[in-house]
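Colleague: the sequence isn't on hand, but the structure is:
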């Protein structure tokens, strides 16, 4: 598979950079179209993750590192990051 969730993230950040370009900014209508398509892809990925949790499958390849997926409902809980001081 050629397109992955990280590719989508890269495209969205590139869109943001083009919007902020003072010399030649992207047209707002084009940015909105990109955002709309991205939202559909994100919604599809959300369904895929839920399916993976429900069935124990590894997904289609769009989302990598399936071993790192949070348990169902865990995405709602805040994460704590603890740093050890040396």
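Modeller: On my side now, so go ahead. All values derive from a computational prediction rather than experimental measurement. Numbers count the residues shown, from 1 in each chain.

Colleague: tell me the buried residues in stretch 27-39?
Modeller: Residues 31, 34 are the ones in stretch 27-39 that count as buried (16 or more other CB atoms under 10 Å). C-beta here means a position set from N, CA and C on the backbone, and glycine is covered the same way.

Colleague: equivalent analysis for stretch 14-25, please.
Modeller: Within stretch 14-25, the residues that count as buried by 16+ other CB under 10 Å are residue 15.

Colleague: what does that stretch contact?
Modeller: With contact meaning CB atoms under 8 Å, 6 or more residues apart in numbering, stretch 14-25 is reached by 26, 28, 31, 34-35.

Colleague: ends of that stretch, how far apart?
Modeller: From its first residue to its last, stretch 14-25 covers 12 Å (CA to CA, to the nearest Å).

Colleague: where do the helices sit along this structure?
Modeller: Taking DSSP state H to define them, one finds helices in the chain at 5-20, 28-55.

Colleague: and the angle for the first one with helix 28-55?
Modeller: If I follow you right, that is helix 5-20. Orientation of helix 5-20 against helix 28-55 (axes from the mean of the first three to the mean of the last three CA atoms, to 10 degrees) gives an angle of 160 degrees.

Colleague: returning to what we had before: so which of the helices of the chain comes closest to residue 63?
Modeller: Checking these against residue 63 by CB to CB gives helix 5-20 as the closest, at 5.2 Å.

Colleague: show the average pLDDT along that closest one.
Modeller: Mean pLDDT, computed over helix 5-20, is 89.

Colleague: centre of the chain to it, how far?
Modeller: On the basis of CA atoms, centre = their mean, to the nearest Å, helix 5-20 sits 11 Å off its chain's mean C-alpha point.

Colleague: swap in stretch 9-28?
Modeller: Offset of stretch 9-28 from its chain centre (CA atoms, centre = their mean): 18 Å.
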